[in-house]
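Engineer: 3D, please:
(chains A, B, C and D)
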2 protein chains.
Amino acid sequence: MTDEDLTARARIRDAAIRLFADRGMDGTTVRDIAQAAGVSPGLLRHHFGSKEGLREACDQHVLDLSMKIKAEIIIDGKMASPGFMPSVHPTVMLMYRYVTRALLDGSPAAAAMFDDMVLIAEQWIDKFAPDITQDRRGFAAVLVGMQSGLLAMHDHVSRNLGADMFATEGYTRLVEAMVDFYSSTLLDPTLAADAHRAMQALRDNHRGNQKEQ
Amino acid sequence: MTDEDLTARARIRDAAIRLFADRGMDGTTVRDIAQAAGVSPGLLRHHFGSKEGLREACDQHVLDLSMKIKAEIIIDGKMASPGFMPSVHPTVMLMYRYVTRALLDGSPAAAAMFDDMVLIAEQWIDKFAPDITQDRRGFAAVLVGMQSGLLAMHDHVSRNLGADMFATEGYTRLVEAMVDFYSSTLLDPTLAADAHRAMQALRDNHRGNQKEQ
DNA sequence: CAGCCGACTATACGAGCGTATAGTCGGCTG
DNA sequence: CAGCCGACTATACGCTCGTATAGTCGGCTG
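Structural biologist: The predicted model follows:
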């Protein structure tokens, strides 16, 4: 199926997803999107009402597509079937980029996805590592924030990697570095205790200052 | 020293740093900055030439201030002296926010700082954990990308924390969660090996597809 | 075939942006 | 005191943006 086979509405939406993912909502004009989709700017308004309406349609479409692929992997068990993961890889990369930008742009739908991921992380902690922290919610928020934040630093990470982290070569290298990272401890107990003490001191000082005023 | 004691040039620069940190470069107008500094918009142009010139001045000022505080901590050894860390804490938080936004906005100065941090991380790995990874550069890029990316996810992390992560309460909680995170292993060797195999498969498939074409 | 309706385009409007320019004012210098 | 110069303001220009409106076209329906 080529681009020309799609309805104009779908072409506009797909072009918007790509441009929003690349430049963000504010960095993309309706004229840019119209040109990329090969239609007139007025047609965006006809189909989506406004730029904000188009954004909501893009959010919804990305959400639907994510759920569909996730279902294929989990329910149909296609992860094992050869060729499936590589075939959806480009789409998954695009959705990563889109959701990450949407998080930075302040999209409500993306924020809801973030909150969902935090809940899932909390459940994971409960199940597999209940003693890892005293602040389960904080740990989960840090975990999800770091994961999605790493994607937000796309340009800088890719530059230091010497490869685009959303293309195959850079992506596999990135994941392997992350696996090393998650498999290791960077702080020994002594340093960890030092850090905890420093934070306690900062809190105490802050409370002291509040009293003075 | 109150705001009125500063020269107009310094007030403009400080107002710009705050607004750029909050809303980014594109989200801030020269009129906003002028109003926050209590001057006319034309004065920005008089002192800084253009909005881009103002950005460069802000970048430079933040860089200078960072180096100054870092020097006080390392050379003068003020970290131990009571009250010093809490006293610079608000400034440090502001600079964190500014640099993070600058990274997302594509500031060359911020990109250079990112690259510096990657180099420092590589040196740290060499010194303290030389066997932690086979891809030292990749590991360092992930480490720095996650650190700065976490700050970029400010709104979402704060929302899930129930506290502003750039204020004392949220910040100390965040750091303690990060310490737990850095002190622990989330993946056991079996899962890590699985992940490495999956990435190898993705690479092989990709090379295969390239040959076909 | 007449009428209609959705898809689509052409064009224009109003607001907000960065920037340019002309001018005012106060203090310093010779 | 005359002249100048930097700090600063008022105002406007030109552009781009999202949005609004009027109109064209083709196919479907009664």
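Engineer: Can you name the residues of chain A that neighbour DNA strand D?
Structural biologist: A:28-32, A:41-42, A:44-45, A:50-52 (Cβ under 7 Å from any atom of the strand). From N, CA and C alone the C-beta is placed, and that goes for glycine too.
Engineer: which of those has the most neighbours?
Structural biologist: The most neighbours of any of the residues of chain A next to DNA strand D, using other Cβ atoms under 10 Å in any protein chain shown, belong to residue A:44, which has 25 neighbours.
Engineer: so what's that one up against?
Structural biologist: With contact taken as Cβ atoms under 8 Å, 6 or more residues apart in numbering or on different chains, residue A:44 is in contact with A:12, A:30, A:33-34, A:51, A:54.
Engineer: Residue ranges in chain A under the pLDDT threshold?
Structural biologist: A:1-5, A:211-213 (pLDDT under 70).
Engineer: Could you measure from the residue of it found nearest DNA strand C over to residue A:30?
Structural biologist: As assessed by Cβ to the nearest atom of the strand, DNA strand C sits closest to residue A:42 within chain A, at 2.9 Å. According to Cβ to Cβ, to the nearest Å, residue A:42 and residue A:30 sit 9 Å apart.
Engineer: and if you look at residue A:91?
Structural biologist: Distance of residue A:91 to residue A:30, computed by Cβ to Cβ: 24 Å.
Engineer: and if you look at residue A:95?
Structural biologist: According to Cβ to Cβ, residue A:95 and residue A:30 sit 22 Å apart.
Engineer: Same question for residue A:72.
Structural biologist: 33 Å.
Engineer: repeat for residue A:92
Structural biologist: Relative to residue A:30, and taking Cβ to Cβ, residue A:92 is found at 27 Å.
Engineer: residue boundaries of the helices in chain A?
Structural biologist: Ranges of helices within chain A are A:8-23, A:30-37, A:41-48, A:51-74, A:84-105, A:108-128, A:136-152, A:154-161, A:168-182, A:189-212, based on DSSP state H.
Engineer: ranking those helices by burial, who's on top?
Structural biologist: Compared across those, helix A:136-152 shows the largest average neighbour count, a mean of 24 (mean count of other Cβ atoms under 10 Å in any protein chain shown).
Engineer: The residue of chain A found nearest chain B: what's its closest spatial neighbour, skipping adjacent residues?
Structural biologist: Ranking the residues of chain A by distance to chain B (Cβ to the nearest Cβ) places residue A:149 first, at 2.3 Å. Leaving aside its chain neighbours, residue A:149 sits nearest to residue B:149 (2.3 Å; criterion: Cβ to Cβ, 6 or more residues apart in numbering or on different chains).
Engineer: Verify the stated contact: that neighbour with residue A:142.
Structural biologist: No: taking contacts as Cβ atoms under 8 Å, residue B:149 lies outside contact range of residue A:142: 11.2 Å.
Engineer: Tell me which residues touch the residue most central in space within chain A, please.
Structural biologist: The centroid of chain A falls nearest to residue A:100 when counting by Cα atoms, centre = their mean (3.7 Å). Residue A:100 makes contact with A:21, A:148, A:151-152, A:154, according to Cβ under 8 Å, 6+ apart.
Engineer: Keeping just the C-alphas, turn stretch A:85-100 into CSV.
Structural biologist: Coordinates of each C-alpha in stretch A:85-100 appear next as CSV, following Å, rounded to 0.1, in the frame of the first residue of the first chain:
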residue,chain,number,x,y,z
MET,A,85,9.6,-7.7,15.2
PRO,A,86,11.8,-6.4,12.4
SER,A,87,8.7,-5.7,10.3
VAL,A,88,7.0,-3.5,12.9
HIS,A,89,10.3,-2.0,14.1
PRO,A,90,10.1,1.2,11.9
THR,A,91,6.5,1.8,13.0
VAL,A,92,7.4,1.3,16.7
MET,A,93,10.4,3.7,16.4
LEU,A,94,8.1,6.4,14.9
MET,A,95,5.6,6.0,17.7
TYR,A,96,8.4,6.2,20.3
ARG,A,97,9.5,9.5,18.7
TYR,A,98,5.9,10.8,18.5
VAL,A,99,5.0,10.0,22.1
THR,A,100,8.3,11.4,23.4
